[in-house]
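S.K.: missing the sequence, but the structure's below:
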């Protein structure tokens, strides 16, 4: 949720951008340095001038960002749109989707934990098995609630 900007541009916006260079996919920091030029512009200075085209394409292809990069030699400038109401609402939707994805991960970990406890039921009493399952459930509920709280706070922050 830290990638969702509010007000000022941050290099973290490009953290999820994957660049395909020489047949391998890497994070954008692996092919260039990301810096803030001004309040609405990020600059990616590529280590290798030939990778600038791949960086430009990767930023453009990351659909959820809706950013427009321009290339000038080994430098890629990324113009970030002003925060309109529609853009803020789309960012809130993305934040909720990210929260749902993370809650699904927590549920998968919970299920795996319960499976591990049940696999060891011969080594434990029924009460211990039930207690361990309840502990796993309580932990997953706790982290799901934290994710919900973070998503709600981020949505409020984005809309103000």
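M.R.: Yep, it's here. Keep in mind it's a predicted model, so treat the numbers as computed, not measured.
S.K.: which helices and strands does the helix or strand containing residue 127 pack with?
M.R.: Under the criterion of DSSP states H and E, residue 127 resides in helix 126-159. Judged by 3 or more C-beta pairs under 8 Å, 6 or more residues apart in numbering; DSSP states H and E, the packing partners of helix 126-159 are helix 85-119. Every residue, glycine included, has its C-beta placed from N, CA and C.
S.K.: What helices and strands are in contact with the helix it packs on?
M.R.: Applying 3+ C-beta pairs under 8 Å, 6+ apart, one finds that helix 85-119 makes contact with helix 126-159.
S.K.: and the helix it packs on, average pLDDT?
M.R.: The average of the pLDDT scores along helix 126-159 is 91.
S.K.: quick one: furthest residue from the center of this protein?
M.R.: residue 125 (41.3 Å; C-alpha atoms, centre = their mean).
S.K.: Next one: that one relative to residue 137, how far apart?
M.R.: Residue 125 sits 18 Å away from residue 137, taking C-beta to C-beta, to the nearest Å as the criterion.
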